[in-house]
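Peer 1: Got a predicted model here, sequence first, then my questions.
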Amino acid sequence: MRASILPVLTVSAGIVVLWYLGAVWLNWQVVWDMQARAGHAPDFATMVSLTLSHARPLLPAPHQVVVETWNSLTGPPITSPRSLVNHAMVTLSAALAGFGLGSLAGVLLAVAIIHVRALERSLMPWIIASQAVPVLALAPIVIVALGALGMTGLMPKAIISAYLCFFPVAIGMVKGLAAPDALSRDLLRTYSATPAQVFWTLRVPTSLPYLFAGLKVAVAAAVVGAIVAELPTGAQAGLGARLLAGSYFGQTLQIWSALTVAAVVSATLVGVVGLAERLLARRMGARA
């Protein structure tokens, strides 16, 4: 356990050190100009301290991001538009809805492709090509089109999230359902197993590792999709709205705190999917 944690801590410490050095470097000129206009000539140590505590830094220091995130999470009431908990819940609801829709679409599409081989040749190129369209370009089109149809609020954001989710789930599930070798399939046929029995007793259990690998990618992509979908709508709530407001008013600390919460939400969701995978594997008698 200790041996597996040590490399992670080493890399994390290196990132933090480089982050602090980058904050000093990028904020130095801004702070120096401010001090010069005020008629001050601070020494090196004072300059370093000032660059790491600047109110509007180009690159905030790690401790500034932590403090801003903590204050935004615990300071305002949850219902306040200044609360990151409120914004995170709005984004999370759209992400989970999109994750459910995209995962279901991906699984159903994979099952259809496995049973109808013609679909693999006709649909797979289009599935792959669909991911070549940048989501930043697609999101405004989808949201405007759905808005014209009277669909606003959660559903347009969920559809953008689903667009990013279905691809890794579909590809992983197709790979998993096709994973059983010919010998295993022939063995079941010798027992007069029906196609449905082959599917449920052989293909589905074999596909689960592939499915959960795709689900981990998909659930993180769902958060990204929900945030991106909030940008062109001018939303008043959500982590995307928080990022947009921070960029409008030059509040880099607000931007970084929203990014931090988004990363934590994504990591938590991936962890939940991983936990579900281990529990299912244990229930099926496999090694977790």
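Peer 2: Structure's in. What do you need?

Peer 1: Run a quick neighbour tally on A221.
Peer 2: 25 (other Cβ atoms under 10 Å). C-beta coordinates here come from the backbone N, C-alpha and C atoms, glycine included.

Peer 1: Just give the nearest non-adjacent residue to it, would you?
Peer 2: Nearest non-adjacent residue to A221, counting by Cβ to Cβ, 6 or more residues apart in numbering: L164, 4.0 Å away.

Peer 1: do V219 as well
Peer 2: For V219, ignoring the flanking residues on the chain, the nearest one in space by Cβ to Cβ, 6+ apart is L269 at 4.5 Å.

Peer 1: for that neighbour, what are its contacts?
Peer 2: L269 is in contact with A95, F99, V219, A220, A222, V223, counting by Cβ atoms under 8 Å, 6 or more residues apart in numbering.

Peer 1: helices or strands up against the host helix or strand of V174?
Peer 2: Following DSSP states H and E, one finds V174 within helix 154-177. In terms of contacts (3 or more Cβ pairs under 8 Å, 6 or more residues apart in numbering; DSSP states H and E), helix 154-177 is packed against helix 84-115, helix 117-130, helix 135-148, helix 204-230.

Peer 1: Can you give me the pLDDT of S80?
Peer 2: We have a pLDDT of 80 for S80.

Peer 1: That one: how many residues sit nearby?
Peer 2: 12.

Peer 1: That one contacts T74, doesn't it?
Peer 2: No: the pair S80 and T74 fails to qualify as a contact (Cβ atoms under 8 Å) at a distance of 11.7 Å.

Peer 1: Next, find the distance separating the residue nearest to A221 from S103.
Peer 2: 11 Å (Cβ to Cβ, to the nearest Å).

Peer 1: just checking, what's the longest helix in the chain?
Peer 2: Criterion DSSP state H: the longest helix present in the chain is helix 2-37.

Peer 1: which other helices and strands contact that one?
Peer 2: Helices and strands touching helix 2-37, by 3+ Cβ pairs under 8 Å, 6+ apart, are helix 44-51, helix 62-74.

Peer 1: among those, which is the most enclosed?
Peer 2: Most buried of the helices and strands packed on helix 2-37 by mean neighbour count (mean count of other Cβ atoms under 10 Å) is helix 62-74; its value is a mean of 17.
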